[in-house]
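Enquirer: Below: sequence and its predicted model.
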Amino acid sequence: MRDILLALIFAGLVPVILRHAWVGIPTLFWVSLFTPQLQTWTFMHGFPAAMLFTVVTLAAIAFSKDRKPFPWTRETVMLLILAAYFAMTSHFAVNSSGAWDFWVHFMKILLVTFLTPILIHGERRILITLLVITGALAFFGLKGGIFAVNTGGAHMVLGPSGSYLSGNTYIGLAMLMVLPLILTSARLFHRQWVDFSIPLINRFAVPIGWAGYAVFWFTCAAILATHSRGAFVGMVVITPFLFLHMRKKWLLVLVAFIGVGVIGVTAPEPLVERWQTIKTYEEDQSAMQRIQSWGVAWNMAMERPLTGMGFRNTALGYDWWITYAEFEGGWRHVLSPHSIYFGLLGQHGFGGLAVYLFLGAFTFLTLNRVRRTAKRRTGKIWLSEYAWALQVGLAGYFIAGIFLDVAYFNLYYAFIAMSVIMRRELEEAPKPAEATVPTPAQPLPQDTRPSLSNPSLGARSGVERR
């Protein structure tokens with residue numbers, strides 16, 4: 001039944017995308033992050049959904065006039081430079097065929113990244129896309145959180161088998177990145193920042209918001225229960241930002257005091273033992289493997305500082321790889337760099353790492369600008385709040401990425417695309433003072449929240465729907 005239902009959903013989405021090309025973008029994020037095809041058991045399992053919807057979206061764009069020009073921003077320029085730089089390193093790669101294969105894979109990620117700001121514009125589309133990205137991973141947070149609570153955190157929370165998020169480390173990072181988005185989405189509904197113009201949603205907006213808060217806390221538990229040290233360090237870093245952004249902080253402190261000081265709630269022993277290895281890394285084999293891999297990547301970059309060794313250099317095997325190591329342990333493990341930064345160093349040299357870091361810095365600064373000015377300049381609370389959420393999610397990505405090889409994670413590039421879109425939304429939206437002033441013939445409606453489907457209502461409330 002699950003396979004039949006998914007097949008019907010996919011079949012129904014195809015004509016919708018052909019008619020409304022922008023629907024293809026949230027659909028692509030849904031199938032790549034949630035991977036519904038891997039949640040089935042028979043004929044739909046492993047179905048090439050991303051390929052299908054990419055082709056359908058490209059076909060729809062060819063006949064659609066409802067699109068924006070390609071945005072030439074510092075982020076998109078850096079993405080093009082990154083693609084060109086990776087092409088150069090693939091040309092000089094030690095494993096040329098494997099390098100070009102992965103370069104093509106990376107170009108598919110960038111293709112969706114470039115299509116997103118062309119098709120996604122205006123309040124309605126931006127919010128739907130953000131909610132799809134959030135919901136696709138919040139599902140695993142809710143599911144994993146319930147599992148963690150039921151088992152007392154004694155067992156690892158894992159991602160969907162067969163996907164990029166399989167295992168504990170990658171799903172931990174993904175949930176960490178969307179955790180601020182879950183909180184902001186809950187506030188979006190609970191505080192009714194926008195009018196969705198759907199009576200059922202408007203009627204139950206507050207309960208939906210409360211449910212979102214519950215998913216937020218379950219996701220916190222799920223992140224910790226992944227037993228991922230990278231996700232744990234990232235959680236430690238972003239927690240102060242989440243706490244400072246919350247209201248009723250005194251209530252959280254009171255609950256924590258009662259839970260720990262009165263009831264005696266403590267972290268499960270398996271989690272504590274796992275986290276303690278951060279301090280005693282010399283005694284932990286996994287940690288020492290990371291240090292060994294970082295040394296390998298550094299030495300590769302020192303030998304070839306501009307090009308590195310290229311994508312998939314580890315395919316040359318352990319005997320070649322170990323010649324770059326500072327020491328050899330009593331293990332033979334997956335030859336992963338275990339780090340965004342060392343991975344880029346080994347594969348693309350200091351030049352590739354520099355381009356990547358500039359891209360991340362530009363994205364972070366753009367989101368910071370939107371966060372600081374959107375509410376004052378446009379009156380759109382949601383625009384400022386989601387910029388904050390993406391910014392905090394990026395901080396978690398860059399911190400946890402010290403220990404995880406996730407330089408090509410499509411969620412990161414989705415964040416970049418959304419930052420470009422939100423910057424454009426900020427620049428094109430009229431200031432509240434420029435909004436249409438109602439005349440006696442145009443009285444203000446009682447509900448002056450910005451509408452997702454009624455442009456005139458948004459303009460009268462001081463927030464134009466774009």
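Expert: Sure thing, it's come through.
Enquirer: which residues of the stretch 151-300 of the chain score low on pLDDT?
Expert: The model of the stretch 151-300 of the chain has pLDDT under 70 over residues 248-285.
Enquirer: go with 80
Expert: Within the stretch 151-300 of the chain, the stretches with pLDDT under 80 are 152-154, 246-287.
Enquirer: what do you get for the stretch 351-466 of the chain?
Expert: Along the stretch 351-466 of the chain, the model assigns pLDDT under 80 to residues 429-466.
Enquirer: Packing partners of the helix or strand containing R124?
Expert: Using DSSP states H and E, R124 sits in helix 122-151. Counting contacts by 3 or more CB pairs under 8 Å, 6 or more residues apart in numbering; DSSP states H and E, helix 122-151 packs against helix 24-33, helix 169-190, helix 205-225, helix 381-400, helix 410-428. Heads up, the C-betas are built off the backbone N, CA and C, glycines and all.
Enquirer: what's the spacing between that helix and its chain's center?
Expert: The chain centre lies 11 Å from the centre of helix 122-151; the measure is CA atoms, centre = their mean, to the nearest Å.
Enquirer: Give the buried residues for it.
Expert: Within helix 122-151, the residues scored as buried using 16 or more other CB atoms under 10 Å are 122-142, 144-145, 147-148.
Enquirer: residue ranges of the helices in the stretch 1-150 of the chain, please?
Expert: Secondary structure of the stretch 1-150 of the chain by DSSP state H, counting those that start in this stretch: the helices cover 2-19, 24-33, 49-62, 74-91, 96-119, 122-151.
Enquirer: Surely L131 is in contact with T184?
Expert: No. Taking contacts as CB atoms under 8 Å, L131 lies outside contact range of T184: 10.2 Å.
Enquirer: List the buried residues for stretch 41-49?
Expert: Here stretch 41-49 shows 44, 47, 49 as buried, counting by 16+ other CB under 10 Å.
Enquirer: scratch that, stretch 355-367 is what I was asking about
Expert: 355-356, 359-360, 362-364, 366-367.
Enquirer: Kindly report the same for stretch 155-166.
Expert: Across stretch 155-166, burial judged by 16+ other CB under 10 Å covers 156-160, 163-165.
Enquirer: tell me how far that stretch is from the chain's mean position?
Expert: Its chain's average C-alpha position is 16 Å from that of stretch 155-166, according to CA atoms, centre = their mean.
Enquirer: Could you pull up the residues touching the residue lying closest to P337 once chain neighbours are set aside?
Expert: Once flanking residues are discounted, P337 sits nearest to G343: 3.5 Å by CB to CB, 6 or more residues apart in numbering. Residues in contact with G343 (CB atoms under 8 Å, 6 or more residues apart in numbering) are 297, 336-337, 405, 407.
Enquirer: tell me which element G343 is part of?
Expert: Using DSSP H and E, G343 sits within helix 340-378.
Enquirer: Quick one: work out the angle between that helix and helix 74-91.
Expert: Between helix 340-378 and helix 74-91, the angle comes out at 160 degrees (axes from the mean of the first three to the mean of the last three CA atoms, to 10 degrees).
Enquirer: residue contacts, the residue nearest the centre of the chain?
Expert: The chain has L411 as the residue nearest its centroid, 3.6 Å off, counting by CA atoms, centre = their mean. Applying CB under 8 Å, 6+ apart, we find L411 in contact with 33, 133, 137, 174, 177-178.
Enquirer: Just give me the closest of those to Y85.
Expert: Nearest to Y85 out of those is M177 (CB to CB; 24.5 Å).
Enquirer: Quickly note the distance from the closest one to R423.
Expert: For M177, the distance to R423 equals 20 Å [CB to CB, to the nearest Å].
Enquirer: Look at those two and report which has more neighbours.
Expert: When M177 and R423 are compared for neighbours, M177 comes out ahead with 29 against 22, by other CB atoms under 10 Å.
Enquirer: which residue packs closest to I118, ignoring adjacent ones?
Expert: The spatial neighbour of I118 that comes closest, neighbours along the chain excluded (CB to CB, 6+ apart), is R67 at 5.1 Å.
Enquirer: For V206, see how far away that neighbour is.
Expert: From R67 across to V206, the span is 36 Å (CB to CB).
Enquirer: between these two, which one's more packed in?
Expert: It is R67, of R67 and V206, that has more neighbours when counted by other CB under 10 Å, with 16 against 13.
Enquirer: so who does that one touch?
Expert: By CB under 8 Å, 6+ apart, the residues touching R67 are 21-22, 61, 118-119.
Enquirer: Could you do A148 as well?
Expert: A148 is in contact with 157, 221-222, 224-225, counting by CB under 8 Å, 6+ apart.
Enquirer: Not counting its neighbours along the chain, what's nearest it?
Expert: Leaving aside its chain neighbours, A148 sits nearest to A225 (3.5 Å; criterion: CB to CB, 6+ apart).
Enquirer: pretty sure the one you found contacts M156?
Expert: Yes. Assessed by CB under 8 Å, A225 is found in contact with M156 at 6.8 Å.
Enquirer: Cool, thanks, signing off.
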